[in-house]
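**Q** sequence first, then the predicted structure, then my questions.
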Amino acid sequence: MIRPMLAAIALCASPLATPVLAQDAETVVATVNGEEITLGQMIAMRSSLNEQQTGGMPDKALWDLMLDQMIRQTAVSQLGASTMTARDTAAIEIDRRAYLAGAALERVAAPEPTEEELQAAYDRLYGSDAAPKTEYNAAHILVATEEEAQAIVDELGKGADFGTLAAEKSTDSSGQNKGDLGWFTPDQMVKPFADAVVALEKGAVSAPVQSQFGWHVVKLIDQRVQQPPEFDAVRDQLATQIRRERVEAEIQRLTAEATVEKTPDLDASLLNKTDMLNK
């Protein structure tokens, strides 16, 4: 009699004796005044945390901490839900759209670019058919009037130090660096300034040059031909560029295909009617 009884006990203790319920994102881990907190919400919260935030905590400790936080948040949010204003409703809808848009675009960007896509992007940016670019290293002194600029040119002609004058007289932040603007290509600068730089010989100083920012006195420090980088050196940047292009193309496609109806004749000053949101 003892052996059959032991066998029955062992059978009851076996994992096969009690069915294990399947767990999914909808599995309820707690309720707060009848409102469910689900396993999916817990996992989503965990995936949004980095290692610095979790501090290498064991799963059980992290579970307890997160669940306690979600319980507190849920209890307080229920108070907020019972006293919602137009501002709250509008803000929630804005957040909903922003999250869904971000999630959709993340999925668009996610696939790894193919080798063909990477090579095409490299050829477009650095290919053999692209004209080599010349980079310039120049310094400038920016002042408000042509008279001030000409006075600086005159001082330089008498032997004054360009960097010293830039630090003393230039009205922009480059004066802190003796006017040095670092390396750049002409297309990165406004046209009058770029044209002046390109026309200079190494070490030469320009006559006063006017742009929308004021009057410049420009000195060309050096120039060099920009060599295209090796493919492998820019692989990551190319992949990032391809993903950005995918995202932008999808935004443009969806916007172009959307049926958009704008309400006419609304006064833009309505934006200042913040009292509408307090109701």
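**A** Here it is on my side, so go on.
**Q** residue ranges of the helices in the stretch 101-250 of the chain, please?
**A** 115-126, 146-157, 162-169, 191-199, 235-257 (DSSP state H, counting those that start in this stretch).
**Q** mean pLDDT lowest for which of the ones you listed?
**A** Note on those: helix 115-126 shows the lowest mean pLDDT, a mean of 92.
**Q** please name every helix or strand in contact with that helix.
**A** Secondary-structure packing of helix 115-126 (3 or more C-beta pairs under 8 Å, 6 or more residues apart in numbering; DSSP states H and E): helix 235-257. The way it works is simple: take the backbone N, C-alpha and C, and place the C-beta from them, glycine included.
**Q** just checking, what packs against the helix it packs on?
**A** Looks like helix 235-257 contacts helix 86-109, helix 115-126 (3+ C-beta pairs under 8 Å, 6+ apart).
**Q** how about those helices in CSV, adding mean neighbour count and distance to Phe184?
**A** Compiled in CSV, the helices and strands packed on helix 235-257 are given as follows (neighbours: other C-beta atoms under 10 Å; distance: least, C-beta to C-beta, whole Å):
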stretch, mean neighbour count, distance to Phe184
helix 86-109, 12, 30
helix 115-126, 15, 17
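**Q** nearest to Ala166, of those?
**A** The closest of the helices and strands packed on helix 235-257 to Ala166 is helix 115-126. By C-beta to C-beta, the value is 33.8 Å.
**Q** and the chain, what are its domains?
**A** Per the record, the chain has its domains at 20-83, 91-242, by automatic domain parsing.
**Q** any idea which of the ones you listed is most buried?
**A** Here the criterion is mean neighbour count by mean count of other C-beta atoms under 10 Å, and of the domains of the chain the winner is domain 91-242, at a mean of 15.
**Q** and the helices and strands packed on helix 235-257 as CSV, adding distance to Leu266?
**A** Converted to CSV, the helices and strands packed on helix 235-257 look like this (distance: least, C-beta to C-beta, whole Å):
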stretch, distance to Leu266
helix 86-109, 16
helix 115-126, 43
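**Q** these: which one's closest to Met276?
**A** Among the helices and strands packed on helix 235-257, if distance is taken as C-beta to C-beta, the winner is helix 86-109, at 6.3 Å.
**Q** from the rest of the structure, what touches that closest one?
**A** Contact partners of helix 86-109, identified using C-beta atoms under 8 Å, 6 or more residues apart in numbering, comprise 80, 243-244, 246-247, 250-251, 276-279.
**Q** tell me what angle it forms with helix 235-257.
**A** Orientation check (axes from the mean of the first three to the mean of the last three C-alpha atoms, to 10 degrees): helix 86-109 against helix 235-257 gives 120 degrees.
**Q** now Met45. Nearest residue, chain neighbours left out?
**A** Excluding the flanking residues, the one nearest Met45 by C-beta to C-beta, 6 or more residues apart in numbering is Met66, at 5.7 Å.
**Q** can you check Met57 too?
**A** Leu65 (7.2 Å).
**Q** which strand or helix spans that neighbour?
**A** Here Leu65 sits within helix 59-82, counting by DSSP states H and E.
**Q** figure out how far that helix is from the centre of its chain.
**A** With C-alpha atoms, centre = their mean, to the nearest Å as the basis, helix 59-82 stands 30 Å off its chain's centre.
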